[in-house]
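Asker: How does the following fold in three dimensions:
(chains A and B)
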Amino acid sequence: MARVLPKFPSRRLSPQRRLTRRTEPALGLRFLALQPRLEPNELLEFEYRVQRVSPEEVDRLEISVLWYTEGKGSEDFGVHLFKSLSEGELLPVINGESHPIVTTLPAAPLSYEGRLLTIRWCVRLRLYMKDGRTISAEKPFYLGPLTREV
Amino acid sequence: MAKWIRLWGKKRGTRLSGWWVVGSVSEAAFFGALFILGIISLTIVVSWQVFWPESTILRPGFGFWLMVCASVSFMVIGLTAFVLQLSHTLASPERRSALASKAKQQHKKRAAGNRTESPDSLPSLQSLTDSPGVKLAYRLPIQRGENTQLILSALFTTTWNAVTSVLLVVTLQQSLSHGVNWFLSVLLVLFVAVAFYATRWFFQLFRRKAGVGPTAIEIDYLPLLPGNNYRVYLCQYGRVAFKVLKVALVAFEETTYEQGTDVRTESHETYRIPAQIHGPFRHGAGQIADVRRPKVDGVAKDTDEPWSETASQQSISYKLEAEPEKPLELDCTISLPADIMHSFQSEHNALVWKIVVEGECPKWPAFYRSFPVAVYPRSAA
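Answerer: Numbering: from 1, shown residues only, chains lettered A, B, ... in the order given. Alright, predicted model coming up:
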């Protein structure tokens, strides 16, 4: 019987890389509802958290609730809620605490999975750093009873 | 580091083999240079006439105006593309989409006035409800583009036959004055053969379209909502006797995508709800419930078999025939299940619902006509 051992990289991370990895900002997203399926016109309640970063390093934070298409066609998307926090608004946010957001979901489009087209809903956070980096986090959810192609 | 200094990069869909900043900066620089080139050339062309009016270079005329048009187009293209590239680089897709949808909503609100507006991702009802029906509330417009093939074939056949006629005259003239020109004669034979097949193709299409007369569909309510029943009136004009006639509500997924430099559209049927054909149309809504369910031992029974409702297969007492003075009028019902997907419309993707009429008749080719409708989610009604 052949013995298969995992291969680990022989080179160790440089001190600079280790420092970068340790200081990578962390974004947290959590739905307050227990189910990831929501009805149209229902309230979507979620909270977000930004950790391991100082306000001086951050350019802006964008929070959006959106739908997007996947599949064979070019991607389309529509933003239902968009918030951009910059400079002064960021100070109370970047302290590691959770911040709630509540929005009423629209009536359409509902989540859908077909052969050529899929419609997905998600909450997306984008953190723009002053050094040009962008860190994003995304949490999907279903709007309406998920309809699949028959 | 190697990918940053690479001169050429590959683009596969949305993935890039190089650094995206190099591509964005290069594109912005190119269009910025185009804009500056336009300004410089326009300045030279105009100032030359102002400061040296006696000069013979670039006198006002065709060349002068051509230069002005080219310079202005360079400026417009360069500035537009530069601003677009800048907005793509500086703003996230979500921010751009939020700004665009806000502007669109404001415009829609102003245009709609007191009317209630539909969400962006749902098709508008305006084009579907602007034609009142004779028997039911709305007469549905036929799917646009169904006659495109016929129009294109007519254009091609006319042009080709005109060219063939000119070639025939030239060949005859040459033959009469200088004897038979074999090159022109062989060319003429080829042109005549193509003209023959093109003309035959046009008449086949024309026969298919015009042979069976026009079809009209009316419906009692729009938008359609999942879980509801709707009454449909089908009217077939012309002189035709159907062997099979089917009416159904069909959903199609339609997507547009780029393949290299080509833009392609693909469509796929995803859902089909057969309509129940009850028989000749009569006024009054109450009679539907009695006619739609076949009675077994005196008890009304629902049927789930999709095509068992076609009039040709039921024990019916009417004929599926249309005469010029007596069109075929049928009364149908469409029952929408509660869990179907609603109509969806975005820039590159759509889910389209259509009422499809398909028929087979002994003398004519099989025919297919479709009429778009809008299915809204119950929550948006």
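Asker: Helix, strand or coil: sort out whatever residue of the stretch 201-350 of chain B ends up closest to chain A for me.
Answerer: Nearest residue of the stretch 201-350 of chain B to chain A (C-beta to the nearest C-beta) works out as B:T255 at 2.9 Å. Yep, even glycine has a C-beta here, placed from its N, CA and C like the rest. Counting by DSSP: H, G, I helix; E, B strand; the rest coil, the backbone at B:T255 sits in strand.
Asker: wait, doesn't it sit right on A:K72?
Answerer: Yes. Between B:T255 and A:K72 there is a contact at 5.1 Å, judged by C-beta atoms under 8 Å.
Asker: between the two, who's got more neighbours?
Answerer: Comparing B:T255 with A:K72 by other C-beta atoms under 10 Å in any protein chain shown, the one with more neighbours is B:T255, at 24 against 18.
Asker: what pLDDT does the nearest residue to that one once chain neighbours are set aside get?
Answerer: Spatial nearest neighbour of B:T255, excluding adjacent residues (C-beta to C-beta, 6 or more residues apart in numbering or on different chains): A:G73 at 2.9 Å. pLDDT, A:G73: 86.
Asker: hang on, isn't A:G73 packed against B:Q259?
Answerer: No. In this structure, A:G73 is not within contact of B:Q259 by C-beta under 8 Å, at 11.4 Å.
Asker: Which one of those two is surrounded by more residues?
Answerer: A:G73 (23 against 7).
Asker: so B:L155, which of the three states?
Answerer: Put simply, B:L155 is helix when judged by three-state DSSP.
Asker: whoops, B:L66 was the one
Answerer: Strictly by three-state DSSP, B:L66 counts as helix.
Asker: now do B:T333
Answerer: At B:T333, secondary structure determined by three-state DSSP is strand.
Asker: Need the residues touching each of B:T255 and A:K72.
Answerer: Jointly contacting B:T255 and A:K72 under the rule C-beta atoms under 8 Å, 6 or more residues apart in numbering or on different chains are A:L116, A:L117, B:E266.
Asker: so of those residues, which ones are in strands?
Answerer: Cross-referencing these against strands under DSSP state E gives A:L117, B:E266.
Asker: quick revisit: any residues in contact with both of A:G73 and B:Q259?
Answerer: Joint contacts of A:G73 and B:Q259 (C-beta under 8 Å, 6+ apart) do not exist.
Asker: element containing A:L81?
Answerer: Assigned by DSSP states H and E, A:L81 falls within strand A:77-86.
Asker: And the helix or strand just after that strand, what does it pack against?
Answerer: Using DSSP H and E, the helix or strand that directly follows strand A:77-86 along the chain is strand A:99-104. Packed against strand A:99-104 by the contact rule (3 or more C-beta pairs under 8 Å, 6 or more residues apart in numbering or on different chains; DSSP states H and E) you find strand A:43-51, strand A:77-86.
Asker: List the buried residues of the shortest one.
Answerer: I take that to be strand A:43-51. A:L44, A:F46, A:Y48, A:R49, A:V50 (16 or more other C-beta atoms under 10 Å in any protein chain shown).
Asker: Which neighbouring elements make contact with it?
Answerer: Judged by 3+ C-beta pairs under 8 Å, 6+ apart, the packing partners of strand A:43-51 are strand A:26-31, strand A:58-71, strand A:99-104, strand A:117-129.
Asker: for the nearest residue to B:G133 once chain neighbours are set aside, what are its contacts?
Answerer: Using C-beta to C-beta, 6+ apart and skipping the chain neighbours, the partner closest in space to B:G133 is B:E218 (3.6 Å). For B:E218, the contact set (C-beta under 8 Å, 6+ apart) comprises B:G133, B:V134, B:K135, B:L136, B:A137, B:Y138, B:R139, B:L140, B:V232, B:Y233, B:C235.
Asker: Which strand residues bridge B:E218?
Answerer: Beta-bridge pairing for B:E218 (DSSP bridges): B:R139, B:Y233.
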